[in-house]
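Undergrad: A predicted structure for the sequence below; I have some questions about it.
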Amino acid sequence: MKWIFVLIFLIFLLLISINILGQKSFWFDDDIFLFLRNFESRNVTHFFKLVTAFVSIPALFLFCLLIYLIPKTRKRGNLVVLNLGIVVFLNLILKNIFVRDRPLGVALIEERGYSFPSGHSMTSLAYFGLFIYLIYCSSLSKKKKIFSIALLCFLIFLIGISRIYLGVHYASDVIGGFFLSIIYLVIFTHILNLNKRKKCEE
């Protein structure tokens, strides 16, 4: 069943990618941006700056460091760092393939580099998505699992929204980044499951 979803996301991703390579715009890019900017205020801007900082390099470094420092999560440290390294490297490669310029004249923060796919969107879904997978596979109670997973999903969603609101990405950059990470994460966790089975059989 999961591979059917992967195929669906891949088809949508290809459609977005073909349009971007053809330097075509999407009708929903401007519509979503203008809708979010209707809520523009100093407090909203500060809030989204804080949200987007969750996937900054210092924040991710701190999160990885905490994983190694906490005894209960230390065993997962190498896995988390490997996952983060792969998705960051993949994002850099794709940005230099698509070389899409960022939105002009609307940014509320300074960002460099290309626009597609959104690095924050890709990284947040791949990074926190792995935690969702680990929580789902853990021995936590059902209520704790639901609460933790819902909280992380909401954080990922807010990070994506923050990139559009702050004017550093088009909505298609964010959507494309999410689609890419979903596909990547399904493959990554599938490989993890295969390795677990091999170890159990040995």
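TA: That came through, no problem. Residues are numbered from 1 along each chain as shown.

Undergrad: export the helix or strand bottoming out on mean pLDDT in the chain to PDB, keeping only CA atoms.
TA: Sorting the helices and strands of the chain by mean pLDDT, DSSP states H and E puts helix 57-69 at the bottom, at a mean of 82. This file holds the C-alpha atoms of helix 57-69, laid out as PDB (Å, rounded to 0.1, in the frame of the first residue of the first chain):
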ATOM      1  CA  ILE A  57      21.900  24.700  11.100                       C
ATOM      2  CA  PRO A  58      22.500  25.600  14.800                       C
ATOM      3  CA  ALA A  59      19.100  24.200  15.900                       C
ATOM      4  CA  LEU A  60      19.600  20.900  14.000                       C
ATOM      5  CA  PHE A  61      23.200  20.600  15.500                       C
ATOM      6  CA  LEU A  62      21.700  21.200  19.000                       C
ATOM      7  CA  PHE A  63      19.000  18.600  18.400                       C
ATOM      8  CA  CYS A  64      21.500  16.000  17.200                       C
ATOM      9  CA  LEU A  65      23.800  16.800  20.200                       C
ATOM     10  CA  LEU A  66      20.900  16.300  22.600                       C
ATOM     11  CA  ILE A  67      20.200  12.900  21.100                       C
ATOM     12  CA  TYR A  68      23.700  11.800  21.800                       C
ATOM     13  CA  LEU A  69      23.700  13.200  25.400                       C
END
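
Undergrad: and the helix or strand following that helix, what's buried?
TA: Next helix or strand after helix 57-69 toward the C-terminus (DSSP states H and E): helix 77-98. In terms of neighbour count (16 or more other CB atoms under 10 Å), helix 77-98 has its buried residues at 77, 80, 83-84, 87-88, 90-91, 94-95. (Glycine included, C-beta is placed from N, CA and C.)

Undergrad: how about the residues you listed in TSV, adding pLDDT and distance to residue 28?
TA: Compiled in TSV, the buried residues of helix 77-98 are given as follows (pLDDT from 0 to 100; distance: CB to CB, whole Å):
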residue	pLDDT	distance to residue 28
77	81	39
80	87	33
83	91	30
84	90	30
87	94	25
88	92	27
90	95	25
91	95	22
94	95	21
95	94	21
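
Undergrad: quick one: residues contacting residue 80.
TA: With contact taken as CB atoms under 8 Å, 6 or more residues apart in numbering, residue 80 is in contact with 64, 67, 127, 130.

Undergrad: turn the buried residues of helix 77-98 into CSV, including distance to residue 174.
TA: Formatted as CSV, the buried residues of helix 77-98 follow (distance: CB to CB, whole Å):
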residue, distance to residue 174
77, 28
80, 23
83, 20
84, 19
87, 15
88, 17
90, 16
91, 13
94, 14
95, 14
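
Undergrad: so what's the residue count around residue 62?
TA: 11 (other CB atoms under 10 Å).

Undergrad: how near is it to residue 55?
TA: Residue 62 sits 12 Å away from residue 55, going by CB to CB, to the nearest Å.

Undergrad: about what we covered before: so how far is the least confident helix or strand of the chain from its chain's centroid?
TA: How far helix 57-69 lies from its chain's middle: 17 Å, per CA atoms, centre = their mean, to the nearest Å.
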